[in-house]
Structures are given as structure tokens and as C-alpha cells.
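Asks: Can you look at this prediction? I've put the sequence above it.
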Amino acid sequence: MPDRSFSASLDLAPLERPNAEQRPRIVIGHVRPDTDAIAAALGYAWVLRERDGVEAIAARAGAIEPQTAWALEQAGVDAPELLADASPRLERVARHLPPTAPDAPLLDAWKIAAEHRQGAPVLDDDGRPLGLVTGDGVFTLLTRRLRTVGDLRAMSAAELLDLNCADAIDDDAPRFERSERLTDLRQRLRALDRQDVLVVDDAGRYVGVARVGEALAPPRLHLVLVDHNEPEQAVPGIEAARIVEVLDHHRIGSLGSREPIPFVVEPVGSTSTLVAERAEAAGLVPPASIALMLLSGLFSDTLALRSPTAGPRDRRIAAVLETWAAERLAGRAREQFVEALLDAGAGRSLARRSVEEVLDADRKRYPEGPMSLAQVELTSFGDLDDAAIRARLQDGLEARAAAEDVRLVALMATDVVTGNSRLLAAGEPALLEALPFGRRPDGTWSARGVVSRKKQLLPRLLELFDGG
């Protein structure tokens with residue numbers, strides 16, 4: 001399966017509709033998305049389309065992890081496209097008006113301007129804008145002609161419109177790059193005494209024309225958040241978007257909305273469980289590809305139902321999903337699929353991963369501490385017995401603790417085979433001494449039977465911070 005995680009980005013220009021209710025819903029998980037976040041986005045976008053008849057698009061807020069890439073390949077599904085920032089960019093309000101050439105008759109530009117009620121773009125041979133033909137430009141041309149011939153009554157309208165566009169170009173029309181954030185441009189746009197600006201790419205080639213008024217009041221993206229509900233874990237620029245729904249299985253954070261919205265947070269093992277339940281309740285049977293992704297998300301987040309976060313609802317819907325996904329499972333038993341899925345996420349040794357991969361791929365910040373907790377899944381603790389590897393990870397934790405000004409940065413390394421974890425920490429690592437974890441001679445903490453950051457580690461740490 002081709003990996004588009006580093007190159008593709010969601011084309012948002014067509015998503016903007018005049019009527020807010022007609023705009024698509026972008027279903028998206030948290031930054032540094034895991035398999036559950038990707039599966040839930042794909043699955044819930046499908047449910048919204050089939051159940052509610054709305055336009056829904058699955059997106060992601062970060063790169064695809066190896067386990068997720070494996071699951072997507074097994075399911076035969078492309079990764080959702082990347083939405084790197086939800087804040088409005090200039091390209092979202094740009095309109096690609098048909099351009100004309102400087103030696104074309106003014107009539108061509110006049111037709112473009114009259115049809116679209118905007119300035120007509122004039123380009124050179126390399127596709128770079130020379131300027132706009134506007135009403136002001138035509139008036140300036142007439143003024144020049146008056147000074148030249150002294151009497152415009154001797155010039156017919158046909159003769160005027162037969163002049164070259166170059167004669168009426170406003171070559172002072174402002175140019176802005178398509179990727180510029182509208183919030184950053186606001187003051188400069190307000191200072192302009194113009195209705196239209198030119199929009200170009202990073203090479204200066206023509207992209208479109210934008211109305212200043214629309215750029216100052218751009219349409220907001222409509223987001224459905226899955227597998228998270230805290231701003232710190234959301235796509236950057238979320239404050240400029242409109243959140244229309246939340247579907248999650250984590251604790252309730254500080255996310256706010258300007259209006260009442262469906263906000264569902266339930267104590268199950270995965271958001272994929274919630275998505276599958278909603279499909280079932282609506283009498284829908286998803287394609288085997290979507291069902292296999294949801295099954296992958298469920299098994300990944302619950303360590304194949306062995307995590308204490310897994311409950312009866314997860315076990316029941318897992319069996320349903322196996323039936324729906326039978327075509328894609330291709331006769332593999334649950335144990336075979338689970339082993340391959342977990343190996344895809346935990347199979348690479350720590351020695352072959354960068355510090356950034358280990359500490360940042362699945363790290364969440366909790367402002368209550370303040371603290372941030374990372375988790376990495378392994379098939380054994382062999383690499384943690386290597387002093388050089390531990391030293392690299394410890395240095396990385398120390399750097400992050402200093403840069404983020406938090407009290408604690410910890411790495412929870414989980415052996416998915418034995419169901420145990422070890423912890424490394426920086427900042428105020430002595431905080432961990434109050435937990436029922438044994439300190440090992442190598443400086444790590446042994447957390448036997450602990451596999452869930454959300455249910456087994458986070459609540460205990462929050463109690464410590466509350467008490468301190």
C-alpha cells in the first residue's frame with residue numbers, strides 16, 4: 001500500500017461551501033494518531049455518510065505509525081489524508097478565475113471581471129501574475145487616453161475594448177502566498193484599500209484571486225473529533241475550526257464549543273468499539289475493509305482485549321466485527337491476526353528507532369501536572385537492559401522536561417507479550433516513588449501488570465499532583 005503520510009495533505013479548497021450546513025464534516029483523531037484514531041476516523045466517516053446522509057471525510061492529524069500502516073494494508077484501505085492545520089489559509093478563499101494574457105484584448109478581461117465580479121488576472125508566459133484588470137484600472141486607462149487625445153467621444157466602446165489588457169493592468173495588486181494563515185494576514189489585509197488580492201504558490205505562479213472581505217471572515221472547517229477531546233491533543237489551529245461532534249473513550253478534558261453539540265465519551269476500550277456499535281444500532285454492515293480497520297483499532301487499544309480497559313462491550317463487538325471482516329481476515333484465526341497486528345506495532349527494537357520515534361510517537365501532555373506521558377510497545381524488555389539505549393532515552397526525556405517546563409516526563413515501555421511495563425522518567429522522577437512500583441538497579445521502575453496509561457498510570461499520577 002502506498003504511504004502518503006509524509007507527502008499528501010487534505011485539499012481544503014473545495015470544502016468551503018456558502019451554506020455552513022452544506023460543508024463536509026472532517027472526521028479526525030488526535031495528533032500522533034494510533035491505529036484506533038485512524039480506524040475510528042475511517043469508520044465514523046463511513047457511518048455518517050451511510051446513516052445520516054451527510055458528506056463526511058476521514059482525515060488524520062499526523063504521520064501513520066507502522067502498526068497502522070500494516071492494518072491499512074491488510075484492509076486494503078488508503079490512509080486518510082493529512083490535515084496538518086485547521087486554521088484557515090488564504091488558498092481556502094481563493095478563486096481560480098480564468099486568466100488572460102497582456103496582449104489579449106481588454107474585452108477578454110472585461111468578460112472575466114463581469115462574470116465573476118472580481119478583478120481579472122493577467123499572467124505572463126511563465127504563469128506569474130502581472131496584475132489585475134479592475135474597474136479602477138479601466139478608469140485610469142480612460143484618464144490617460146483623455147489626456148492624450150483630449151476628447152474620449154471620438155473613441156468608440158469597441159475601440160476601447162480592443163486595446164490590450166496590458167494597458168489597463170493594475171500592477172500594484174498585492175500578492176500573497178496560498179499557504180499563509182489568514183490570522184497572520186488580518187492586519188495587513190485590513191490596511192489595504194482594495195477589494196481583491198492575487199494568490200500565488202511558493203514559486204510565484206498564479207493560484208487565484210481572493211476577496212479581501214472573505215479573507216477577513218473565512219469559513220471555518222467543521223470537525224468531528226474521534227478518540228480525543230482535549231485541545232492539547234487536537235490538530236493545530238483547532239481554535240479556528242467549528243467542532244460539531246465528539247466521539248471518544250478518554251476522560252473529559254477542557255475542550256469547549258460555541259454551541260451545544262453531540263458529545264459522547266463512554267468507558268470502553270477503544271473508540272472503534274463506539275463506532276462499530278453505532279453502525280450496528282443503525283442496522284448497517286460496513287464493508288469488510290472498514291470492519292477490519294475497526295477490529296484492528298479495537299485490538300490495538302485493548303492489547304487484544306487483555307488490557308484492563310477492555311470490557312464486555314468490547315468483547316461482544318469484537319466478535320461482531322470478526323464476522324463483518326471475515327472476507328478480509330481470509331480464514332485467519334483471531335490469535336494469528338492479533339499476533340501479527342501487535343508485532344507490527346511492537347516488533348521493531350528500540351535500537352533501530354530514533355529517540356524521537358520512541359518518545360514522541362505516542363506521547364500525551366496533561367496540563368494538570370503539568371506532565372507528559374509517552375508509551376511504546378515492545379515484544380520484550382531486552383533492549384531496555386542495554387545501558388546505552390537507556391542513556392539515550394533518558395537524555396531525551398531530560399531535554400523534553402526542560403523544553404516543556406513540566407514537572408514530569410515519563411516513558412512507559414510495555415511488553416505486550418507478558419503484560420508488564422517499565423518506566424523511565426525525568427523532571428521530578430521522585431514522584432514515581434510514591435507509586436507501588438519497584439525501583440530496579442538500572443534506575444527504571446517495574447510496573448507489573450500495568451499496560452494501560454489511561455486507566456492504570458494516569459489516575460495514580462493525577463492523584464499525586466492533586467495532593468502535592
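Replies: Received the coordinates, thanks.
Asks: I'd guessed residue 163 sits against residue 106; true?
Replies: Yes - using C-beta atoms under 8 Å, residue 163 is in contact with residue 106, at 4.9 Å. Heads up, the C-betas are built off the backbone N, CA and C, glycines and all.
Asks: shared neighbours, these two?
Replies: Common neighbours of residue 163 and residue 106 (criterion: C-beta atoms under 8 Å, 6 or more residues apart in numbering): residue 141.
Asks: More neighbours: which of those two?
Replies: residue 106 (22 against 16; other C-beta atoms under 10 Å).
Asks: residues in contact with that one?
Replies: With C-beta under 8 Å, 6+ apart, residue 106 has these contacts: 133, 138, 141, 160-165, 167-168.
Asks: pLDDT value on it, please?
Replies: Reading off the confidence values, residue 106 has pLDDT 90.
Asks: can you give me phi and psi for it?
Replies: Backbone geometry at residue 106, expressed as degrees, to the nearest 10, gives phi -60, psi -30.
Asks: Distance-wise, check it relative to residue 382.
Replies: For residue 106, the distance to residue 382 equals 76 Å [C-beta to C-beta, to the nearest Å].
Asks: chain center to stretch 417-432, what's the gap?
Replies: Distance of stretch 417-432 from the chain centroid (C-alpha atoms, centre = their mean, to the nearest Å) equals 30 Å.
Asks: Alpha carbons of it, in PDB - could you do that?
Replies: Output in PDB follows, covering the C-alpha atoms of stretch 417-432 (Å, rounded to 0.1, in the frame of the first residue of the first chain):
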ATOM      1  CA  VAL A 417       3.600 -10.400  25.500                       C
ATOM      2  CA  THR A 418       3.900 -10.500  29.300                       C
ATOM      3  CA  GLY A 419       1.500  -7.600  30.100                       C
ATOM      4  CA  ASN A 420       4.100  -5.700  32.200                       C
ATOM      5  CA  SER A 421       5.700  -2.200  31.900                       C
ATOM      6  CA  ARG A 422       8.800  -0.400  32.900                       C
ATOM      7  CA  LEU A 423       9.100   3.400  33.300                       C
ATOM      8  CA  LEU A 424      11.800   5.900  32.800                       C
ATOM      9  CA  ALA A 425      11.300   9.500  34.000                       C
ATOM     10  CA  ALA A 426      12.700  13.000  34.000                       C
ATOM     11  CA  GLY A 427      11.900  16.300  35.700                       C
ATOM     12  CA  GLU A 428      10.800  15.100  39.200                       C
ATOM     13  CA  PRO A 429      11.200  11.400  38.900                       C
ATOM     14  CA  ALA A 430      11.000  11.100  42.700                       C
ATOM     15  CA  LEU A 431       7.200  11.400  42.200                       C
ATOM     16  CA  LEU A 432       7.100   7.800  41.000                       C
END
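Asks: what residues does that stretch touch?
Replies: 303, 306, 371, 379-381, 384, 390, 393-394, 397-398, 400-401, 406-415, 437, 440, 443-451, 457, 461, 464, 468.
Asks: in that stretch, what counts as buried?
Replies: The neighbour-count check on stretch 417-432 (16 or more other C-beta atoms under 10 Å) flags 417, 420-429, 431-432 as buried.
Asks: Could you do stretch 78-92 as well?
Replies: 79-83, 85-92.
Asks: before we move on, back to that, show me which pair in the buried residues of stretch 417-432 is furthest apart.
Replies: Across these, the longest distance by C-beta to C-beta is 31.2 Å; it joins 417 and 428.
Asks: residues contacting the residue most central in space within the chain?
Replies: The centroid of the chain falls nearest to residue 61 when counting by C-alpha atoms, centre = their mean (2.4 Å). Residue 61 sits next to 28-33, 82-84, 234-235 when contact means C-beta under 8 Å, 6+ apart.
Asks: Buried ones among those?
Replies: For the contacts of residue 61, buried by 16+ other C-beta under 10 Å: 28-33, 82-83, 234-235.
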